[in-house]
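*Asks:* one predicted model, sequence on top.
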Amino acid sequence: MHTLEDPTEGLGKRGSAPVPLPREQAGDDYLESALDPFRSKAVRLPLILMLITIVLSLLYAAQYYAGGPIRLPVVSRIHDLALSPDNSVIAAGADDAVYLWDTRAGWARRTLKGHRGAVIGVAFTPDSATLVSAGRDGTVRLWDLPGGQHRHVLDPGGVALNDMSLSADGSTLATVGEDGVLRVFDVASMQALQAIGPNEHTKLLVALNADGALAAVADGAHVQIWNARTGEPVQSMQNYCEGEPGITQTACEEAGKKWLGHKKAVTALAFSPDGEILASGSADTTILFWDVATGEVKWSATGHWAAVSAMKFHPDSQSMLSGGEDNKIRNWRLPGGRSTAIYEGHLSAVNSVDFGWGEDMILSAGTDGTVRVWEVANQKTTFIAWSRLGFQPVWGHGLAAWTLISGLLGIVSLWGLRKTQPWGHLLALLLYILGPILVLGIPLFEVFIYPLSLVEQIQIAWPLLGLVIWYAVIVVALMCESVRIHYQAPPSLSLSEKLMTSQRTVKIRTGIFIAAVWFLIMVLLYSVLRRFNLDVAFMRHFFSFIMAGAWITFRVSALSISLAVILALLGALGRLSKNPIANGVSGFYISLIRGTPLLVQIYIWYLGLPRVNIVLPGELAGVLALGVNYGAYMTEIFRAGIQAIGKGQHEAAEALGMSRIQLYRRIVLPQAFRIVIPPIGNQFIAMMKDSSLVSVMSIWELSYRAQKIGRQYFRSLETFMIAAAFYWLLTVIFQFLQGKLEEYMARGERR
């Protein structure tokens with residue numbers, strides 16, 4: 001990307017830019033010209049480009065947050081879908097409208113406009129002639145099909161709606177809003193039947209049974225069932241102790257009983273068609289099947305690795321579909337609640353699921369802006385319909401935030417450049433190199449994994465591609481030789497001050513480019529890993545469990561390296577000793593340990609010693625095995641470091657009357673440590689990774705936990721990726737500390 005620069009470049013070399021004379025030797029006109037970069041043709045271009053970029057960035061951000069029309073193309077998130085009873089139309093409630101696809105006319109799409117915000121619920125009446133939609137604007141609309149004209153607008157409470165449910169017979173409609181009130185309406189007359197609440201929980205869910213007689217409402221981690229006709233409470237589904245209801249969770253667990261219920265808020269509700277079962281999904285990833293008559297849990301199900309966001313019973317009540325924020329759909333067999341199939345392919349959360357027009361077909365829709373048709377037999381997608389082509393919404397928000405931040409920081413940078421300050425140039429490089437790599441690089445690479453043709457992918461990606469090219473032009477202009485030299489040091493400084501400032505500026509600038517290379521490689525790596533179809537929700541779910549072993553890994557590594565350093569130092573002194581016993585013991589120790597595998601040594605410490613009645617705790621055995629093994633390898637490192645100290649220093653110490661102990665303590669070992677720090681650092685890094693071998697002793701360190709969970713759920717790649725990321729992070733931190741230690745130890749050798 002660039003070459004290392006001479007910090008004195010342009011500061012007095014023949015043929016380079018002239019060095020300004022000291023202030024007392026320069027005229028006022030010259031000094032004013034030097035401090036005004038807009039008068040210098042060499043730097044005028046990048047400043048003009050930056051000024052244009054700042055203005056356009058702030059204009060884009062301002063109109064974006066004001067609701068303007070110019071924005072990055074993003075999909076319209078789909079919140080709910082419904083299949084008409086005659087199987088002819090699929091309706092989807094999205095961020096900006098209701099989308100209709102005619103399944104019998106080649107998936108021709110229509111758009112129903114009317115809601116002033118996101119459409120959070122859609123449902124068909126049994127005759128397929130009317131579509132009901134509810135929006136965040138607080139209105140419920142009834143649309144006549146196939147014309148698509150709304151014939152009635154209902155304003156239930158004048159507050160933003162959170163959920164809507166239409167009974168299977170089409171007689172009753174229920175809504176819940178931000179005010180926490182459950183409102184029930186008669187569809188035929190559109191008259192209010194009941195208003196129940198308000199409830200202390202504002203983000204509620206509602207589900208009606210088949211005939212609209214019962215309404216289930218989420219109440220935090222509990223569920224309340226109400227009589228939709230009379231407004232009387234019918235049943236309460238709350239946490240309880242199996243076999244001993246009425247006692248606390250702590251007492252239940254102490255008694256060895258099972259605590260039944262959700263631990264977090266309920267996020268999905270569905271009645272079975274026969275009305276006997278109510279299913280509730282939660283943010284704790286569980287699904288509970290409640291007996292409506294008794295309020296007790298009949299079955300529980302686990303399988304999603306994030307909050308359950310949608311559920312739908314089959315008309316025969318023998319199976320149920322669920323969708324989750326883990327981007328997956330699961331099919332559950334009833335009774336029992338056993339998962340029978342998993343459908344993977346959505347790019348983000350699944351918000352709605354439904355059974356299709358055949359027994360071998362299901363439907364789903366999600367935040368990625370797609371409606372998908374799945375084949376049950378092989379769990380594969382057979383058709384995908386997009387709300388509209390674009391990036392995922394998170395990237396649209398990210399670009400808006402970036403343009404605002406970069407615009408404001410760009411003003412600061414431009415002011416620094418105007419004053420000919422090196423930090424202004426460095427800030428500009430940070431903004432237009434690191435920023436675009438993160439903000440533009442990730443979505444650019446991600447769009448090419450969308451299930452679209454290359455032409456469609458380019459059609460989506462071209463705005464970001466154009467921005468990348470624009471930022472590249474700015475960086476090239478900023479890195480022109482004359483511009484670099486101009487901003488390497490303020491012209492008002494003396495020559496000696498300019499030399500020092502230039503060295504610091506070049507060092508920081510080089511660091512920025514190195515960081516840019518790292519970030520670019522990490523973005524590319526992230527893009528490649530996305531194609532591995534990693535279960536990110538699974539990784540997030542078990543991240544804390546796996547990382548709980550990180551402290552044990554670090555402790556084992558630190559104790560082992562401390563032991564290895566001591567053994568290595570003693571071994572090196574023994575190898576250099578003229579005492580045949582010490583030399584022989586050291587030589588045998590090195591030969592034996594280096595000549596046998598580490599894993600075999602671990603088994604000897606852990607399984608061999610008990611045969612002679614020496615039983616060591618697993619962690620202690622692991623520390624001894626690693627410390628003794630690496631001590632043998634590091635012995636040769638210490639020996640080489642000690643022998644690197646010249647004979648002249650030994651003779652000088654003897655001439656000063658130093659004893660052999662004083663010689664080593666004051667002269668030899670301090671210099672030897674400086675020499676052996678890099679190879680010892682490498683050994684420590686290797687030991688941190690080899691500490692994973694102590695997992696064979698059933699020590700609950702990082703690798704053991706990753707292996708245990710990976711095998712249990714057949715997701716070893718995901719769990720070991722978490723472990724590998726931690727080992728890498730430890731390595732990066734230690735490399736940084738090692739570099740600082742090397743600089744400190746070499747302070748007397750600096751030129």
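*Replies:* Here it is on my side, so go on. What you are looking at is a predicted structure, and each value in this text was computed from that prediction instead of being measured.
*Asks:* Ser76 should be in a strand, yeah?
*Replies:* No. Secondary structure assignment (DSSP: H, G, I helix; E, B strand; the rest coil) places Ser76 in coil, not in a strand.
*Asks:* neighbours of it, just the number please.
*Replies:* For Ser76, the count of nearby residues is 21 (other CB atoms under 10 Å). Yep, even glycine has a C-beta here, placed from its N, CA and C like the rest.
*Asks:* pretty sure it sits against Ala97.
*Replies:* Yes. With contact defined as CB atoms under 8 Å, Ser76 counts as touching Ala97 (7.3 Å).
*Asks:* quick one: common contacting residues for those two?
*Replies:* The contact sets of Ser76 and Ala97 do not overlap (CB atoms under 8 Å, 6 or more residues apart in numbering).
*Asks:* show me what contacts Gly246?
*Replies:* So, once contact is read as CB under 8 Å, 6+ apart, Gly246 ends up touching Tyr240.
*Asks:* mind listing what the closest residue to Asp535 other than its chain neighbours touches?
*Replies:* Leaving aside its chain neighbours, Asp535 sits nearest to Glu718 (5.4 Å; criterion: CB to CB, 6 or more residues apart in numbering). Counting by CB under 8 Å, 6+ apart, Glu718 touches 534-535, 538-539, 710.
*Asks:* Val376 now?
*Replies:* Contacts of Val376 by CB under 8 Å, 6+ apart are 331, 341, 359-362.
*Asks:* any idea which of the residues you listed is least confident?
*Replies:* For the contacts of Val376, the minimum pLDDT belongs to Glu359; the value there is 84.
*Asks:* where does this protein dip in pLDDT?
*Replies:* 1-42, 199-203, 746-751 (pLDDT under 70).
*Asks:* and the longest helix belonging to the chain, what does it pack against?
*Replies:* The residue-count maximum for a helix in the chain (DSSP state H) belongs to helix 495-530. Where contact means 3 or more CB pairs under 8 Å, 6 or more residues apart in numbering; DSSP states H and E, helix 495-530 is packed against helix 422-429, helix 435-439, helix 441-447.
*Asks:* winner for burial among those?
*Replies:* helix 422-429 (a mean of 21; mean count of other CB atoms under 10 Å).
*Asks:* and that helix, what does it pack onto?
*Replies:* helix 393-418, helix 454-478, helix 495-530.
*Asks:* could I get the phi/psi values of the nearest residue to Ile90 once chain neighbours are set aside?
*Replies:* Residue nearest to Ile90 in three dimensions, not counting chain neighbours: Trp101, with 4.7 Å by CB to CB, 6+ apart. Per-residue torsions, Trp101: phi -120, psi 130 (degrees, to the nearest 10).
*Asks:* next up, the contacts around Trp101.
*Replies:* Contacts of Trp101 by CB under 8 Å, 6+ apart are 89-90, 92, 107-110, 371, 385.
*Asks:* look up how far Ile384 lies from it.
*Replies:* 11 Å (CB to CB, to the nearest Å).
*Asks:* give me the common contacts of those two.
*Replies:* Common neighbours of Trp101 and Ile384 (CB under 8 Å, 6+ apart) are Val371.
*Asks:* Leu609: what's it in contact with?
*Replies:* Contacts of Leu609 (CB under 8 Å, 6+ apart): 615-616, 621.
*Asks:* now stretch 244-255: buried residues?
*Replies:* Cys252 (16 or more other CB atoms under 10 Å).
*Asks:* now swap in stretch 217-226 and tell me
*Replies:* Buried-residue list, stretch 217-226, by 16+ other CB under 10 Å: 217-219, 221-226.
*Asks:* greatest separation within the residues you listed: which pair is it?
*Replies:* Ala221 and Trp226 (17.9 Å; CB to CB).
*Asks:* still on that earlier bit, mind putting the contacts of Glu718 into TSV with secondary structure and neighbour count?
*Replies:* Shown next, in TSV, are the contacts of Glu718 (DSSP: H, G, I helix; E, B strand; the rest coil; neighbours: other CB atoms under 10 Å):
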residue	secondary structure	neighbour count
Leu534	coil	14
Asp535	coil	19
Phe538	helix	20
Met539	helix	18
Gly710	helix	21
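*Asks:* same list (the residues you listed) but as a markdown table, adding distance to Leu576.
*Replies:* Formatted as a markdown table, those follow (distance: CB to CB, whole Å):
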| residue | distance to Leu576 |
| --- | --- |
| Leu534 | 51 |
| Asp535 | 55 |
| Phe538 | 54 |
| Met539 | 50 |
| Gly710 | 47 |
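*Asks:* wait, a helix at Ser692?
*Replies:* Yes. Counting by three-state DSSP, Ser692 is part of a helix.
*Asks:* not counting sequence-adjacent ones, nearest residue to it?
*Replies:* Ser703 (3.6 Å).
*Asks:* now whichever strand or helix holds the one you found: how far from the chain's centre is it?
*Replies:* Secondary structure assignment for Ser703, by DSSP states H and E: helix 702-713. Relative to its parent chain, helix 702-713 has a centroid offset of 20 Å by CA atoms, centre = their mean, to the nearest Å.
*Asks:* what of stretch 45-59?
*Replies:* The answer for stretch 45-59 is 32 Å, by CA atoms, centre = their mean.
*Asks:* and it, what's buried?
*Replies:* 45-47, 49-50, 53-54, 57-58.
*Asks:* same check on stretch 174-194?
*Replies:* 174-185, 187, 193-194.
*Asks:* tell me the one of these nearest Leu426?
*Replies:* Glu178 (47.2 Å).
*Asks:* so what's the residue count around the closest residue to Ser562 other than its chain neighbours?
*Replies:* Nearest non-adjacent residue to Ser562, counting by CB to CB, 6+ apart: Gly627, 7.5 Å away. Neighbours of Gly627 under the rule other CB under 10 Å: 21.
*Asks:* and what of Ile667?
*Replies:* 17.
*Asks:* ok, now Asn583?
*Replies:* 14.
*Asks:* one more: Gly631?
*Replies:* So Gly631, with other CB under 10 Å, has 25 neighbours.
*Asks:* please apply the same query to Ser167.
*Replies:* 24.
*Asks:* again with the one 4 residues further on
*Replies:* Using other CB under 10 Å, Ser171 has 19 other residues around it.
*Asks:* for it, give me its contacts.
*Replies:* 186-188, 211-212 are the contacts of Ser171 under CB under 8 Å, 6+ apart.
*Asks:* ok now the helix or strand where Thr553 lies, how far from the chain's centre?
*Replies:* For Thr553, the host element (DSSP H and E) is helix 550-576. When C-alpha coordinates are averaged (CA atoms, centre = their mean), helix 550-576 and its chain have centres 36 Å apart.
*Asks:* what does stretch 607-624 give?
*Replies:* Centre to centre, stretch against its chain (CA atoms, centre = their mean), the figure for stretch 607-624 is 40 Å.
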